[in-house]
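# Got a sequence here, can you model it:
(chains A and B)
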Number of protein chains: 2
Amino acid sequence: MTDITMIRAASVRLSGHARRTPLLSSPFLDEIAGRRVFIKPECLQHTGSFKYRGARSAISALDPDLRAHGVIAYSSGNHAQGVALAASEFGVPSVIIMPADAPRMKIDNTRALGAEVVLYDRAGEDRDAIGARIGTERRLTLIKPYDDPQVIAGQGTTGLEIAEDAAALGIETADVLACCGGGGLTSGIALALEADAPGLRARPCEPEGFDDAARSLSEGRILRNAQTATGLCDAIVTPQPGEITFPIMHRLCGPGLVVSDDEALHAMALAFSRLKLVAEPGGAVALAAALFRPDEIEGDAVICTISGGNVDADVFQTALGRFT
Amino acid sequence: MTDITMIRAASVRLSGHARRTPLLSSPFLDEIAGRRVFIKPECLQHTGSFKYRGARSAISALDPDLRAHGVIAYSSGNHAQGVALAASEFGVPSVIIMPADAPRMKIDNTRALGAEVVLYDRAGEDRDAIGARIGTERRLTLIKPYDDPQVIAGQGTTGLEIAEDAAALGIETADVLACCGGGGLTSGIALALEADAPGLRARPCEPEGFDDAARSLSEGRILRNAQTATGLCDAIVTPQPGEITFPIMHRLCGPGLVVSDDEALHAMALAFSRLKLVAEPGGAVALAAALFRPDEIEGDAVICTISGGNVDADVFQTALGRFT
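Sure thing, here's the model as predicted:
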């Protein structure tokens, strides 16, 4: 189980590698939200999302002899790119199992970052069987996207930075809104805040229809999403909270916040015009909650992550076309 | 005349106010350029451009009794917003003289940042006469956009940060490409590099047809642009280099670089996909030069500014539509 000591150790291992992202703000966003809004732009992280932190944390924590064989991951998106880059930095091979119908751009990017991409047919092939066979043959270590203590520790470094910057700004109490899929980022931030900024409270943010974390927190047990599709906010949609992440979230997090796809697109357009940042739909749900759920948030300041910016141009243009 | 002592003093006055922007990079951009590319994203600065640095520097350097009367500026764009915000922070009035046909968004933003906007008719009214009358009546201090020693000192703080970050990256020699209008940013960076990173060389970057700085440097005297229109890269187009900025550039800068409007749009699209940043056309010319003028650049690394991100959605969509 991840604890603050592991997060601090991950921070040391990530130092000089992960980007130290700032807290940004805009008076125009403050006015919409009715309180001060601070944004942690992990879209500026290497590979365009916070996932690099967890991937580098996990790979850097491996026994060097084991790591030398390489790593393997299942991902069609941000985790794939984070693992590919971190493995390349260590000079070890990475194999990413991706669906053959994943966006060409994401496949190309993952390859360009140094990974061997193995494509499978979602309809006719068993992803886990393919991965298990390759992983066993080559003695590769599986890097899970969120339910891994060292991955959570890596994502938790985001929370250490938020705590430090909030203290510098004089913010002692605030909700910290995290874009939430499996809960790696949310639970990591929650652990970091517990230690370094106990007046700050992590809260998961999700898109409507994929609010498994919010419902699970409300019920006190892990619940699944009804649908298996992924939708607009695909980067942060998982079937259910993780077995490791959920108990952490349940102990430490405030209630989940849920926004519509339209609100996520609107937040993307505001990140464009007011922050000069590119957010992907899933990466914009926390900003959307900060802006459009003021009555569900406490305090005179709110901090929110933009968890990633890997969005296709046509989706981005849709957001601009509708909300600027 | 601005010198390094004034830049260091401006840095002290800006501390805790201007954002300390990072140096960003992407392996995909390195591959296009054929060398390592580092980006100084001043689009993330307050008000969306580096202009806030110079405005805050100049206003903070005023005698408090004089400052209390307020400030005035002529601008249809980024300088207007920088002056408006900096004046608001000091609690003093600002008057911005803007053409009545300026984009509604920029007028609204300038007002929202606390300025009194006075509109004039470009065809029928004399901007300078209006400004002189209001300025004299109210005892306002004129804040020029670039030909002011304290404005140059403020822009020069960008160069101090570049020097510090380049040293941390082990970069001892490199061209530093600055988006250049009147030359405030370019000359300020050049002075800072002369003092703190003498192996780094500032070079102005401009759009085709508005290459007054490049031609002036080449000829050794101030030359004007042939046309008075502003074009796509309006934010960085001025009739000619400044009387104060040009001698500094002439003494310290390498040759100017010139890119086409299409190359600026292409660089905007790459900033979107590879850096998750919103650049305006004029703000993208230095990145365009870094990527598309490799034979005119020396060294195995290049540093370039993205000077601003205040772009209308339709122009941004044009860039994405054509180059993604």
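# excluding its backbone neighbours, what's nearest the residue in the stretch 1-150 of chain A that chain B sits nearest to?
Among all residues of the stretch 1-150 of chain A, residue A:43 sits closest to chain B, at 4.2 Å; criterion: C-beta to the nearest C-beta. In this view, the C-beta of every residue, glycine as well, is placed from N, C-alpha and C. Once flanking residues are discounted, residue A:43 sits nearest to residue A:309: 3.1 Å by C-beta to C-beta, 6 or more residues apart in numbering or on different chains.
# now swap in residue A:199 and tell me
Closest residue in space to residue A:199, ignoring its immediate chain neighbours: residue A:173 at 4.0 Å, by C-beta to C-beta, 6+ apart.
# From residue B:153, how far off is that neighbour?
In this view, residue A:173 and residue B:153 are 39 Å apart by C-beta to C-beta, to the nearest Å.
# the more surrounded of the two?
Per other C-beta atoms under 10 Å in any protein chain shown, whichever of residue A:173 and residue B:153 has more neighbours is residue B:153, with 30 against 14.
# which bits of the stretch 51-200 of chain A sit near chain B?
For the stretch 51-200 of chain A, the residues in contact with chain B (C-beta under 8 Å from any C-beta of the partner chain) are A:109, A:112, A:113.
# which of the residues you listed count as buried?
A:109, A:113 (16 or more other C-beta atoms under 10 Å in any protein chain shown).
# Of the residues of the stretch 51-200 of chain A next to chain B, which belong to strands?
Applying DSSP state E to these, no entry is found in strands.
# Using JSON lines, please lay out the residues of the stretch 51-200 of chain A next to chain B together with distance to residue A:228 and pLDDT.
Shown next, in JSON lines, are these (distance: C-beta to C-beta, whole Å; pLDDT from 0 to 100):
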{"residue": "A:109", "distance to residue A:228": "25", "pLDDT": "91"}
{"residue": "A:112", "distance to residue A:228": "30", "pLDDT": "94"}
{"residue": "A:113", "distance to residue A:228": "28", "pLDDT": "95"}
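# can you list the residues of the stretch 51-200 of chain A next to chain B in CSV and add distance to residue B:271?
What follows is those, written out as CSV (distance: C-beta to C-beta, whole Å):
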residue, distance to residue B:271
A:109, 16
A:112, 18
A:113, 19
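# Let me know the closest of the residues of the stretch 51-200 of chain A next to chain B to residue B:148.
residue A:109 (44.6 Å; C-beta to C-beta).
# Just give the closest residue to that closest one, not the sequence neighbours.
Of all residues not flanking residue A:109 in the chain, residue A:81 sits nearest, at 5.8 Å (C-beta to C-beta, 6+ apart).
# and what of residue A:315?
residue A:281 is the one closest to residue A:315 (C-beta to C-beta, 6+ apart), at 6.7 Å.
# from memory that neighbour sits against residue A:210, does it?
No. Counting by C-beta atoms under 8 Å, residue A:281 does not reach residue A:210; the two are 11.4 Å apart.
# Can you list phi and psi of the residue of chain A positioned farthest from its centre for me?
Computed with C-alpha atoms, centre = their mean, the residue of chain A farthest from its C-alpha average is residue A:137, at 30.4 Å. In this entry, residue A:137 is assigned phi and psi values of phi -50, psi -40 (degrees, to the nearest 10).
# quick one, what contacts it?
Residue A:137 makes contact with no residue, according to C-beta atoms under 8 Å, 6 or more residues apart in numbering or on different chains.
# ditto for residue A:293
Contacts of residue A:293 by C-beta under 8 Å, 6+ apart are A:257, A:259.
# so how far is chain B from it?
Taking C-beta to the nearest C-beta, to the nearest Å as the measure, residue A:293 falls 23 Å from chain B.
# Can you find the helix or strand of chain A with the lowest average pLDDT?
Here the helix or strand of chain A ranked lowest by mean pLDDT, DSSP states H and E is helix A:104-112, holding a mean of 88.
# what's the next secondary structure element after the lengthiest strand in chain A?
Using DSSP E, we find that the single longest strand of chain A is strand A:200-207. Going down the chain from strand A:200-207, the next helix or strand is helix A:212-219, by DSSP states H and E.
# can you state the direction angle for that next one and strand A:200-207?
For helix A:212-219 against strand A:200-207, the angle by axes from the mean of the first three to the mean of the last three C-alpha atoms, to 10 degrees is 120 degrees.
# could you point out which element follows helix A:212-219?
Heading C-terminal from helix A:212-219 (DSSP H and E), you reach helix A:245-252.
# what's that next one packed up against?
The contact analysis (3 or more C-beta pairs under 8 Å, 6 or more residues apart in numbering or on different chains; DSSP states H and E) places helix A:245-252 against helix A:184-196, strand A:200-207, helix A:212-219.
# Mind putting the ones you listed into TSV with mean neighbour count, distance to residue B:260 and mean pLDDT?
What follows is the helices and strands packed on helix A:245-252, written out as TSV (neighbours: other C-beta atoms under 10 Å in any protein chain shown; distance: least, C-beta to C-beta, whole Å; pLDDT from 0 to 100):
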stretch	mean neighbour count	distance to residue B:260	mean pLDDT
helix A:184-196	29	41	98
strand A:200-207	27	41	98
helix A:212-219	21	48	97
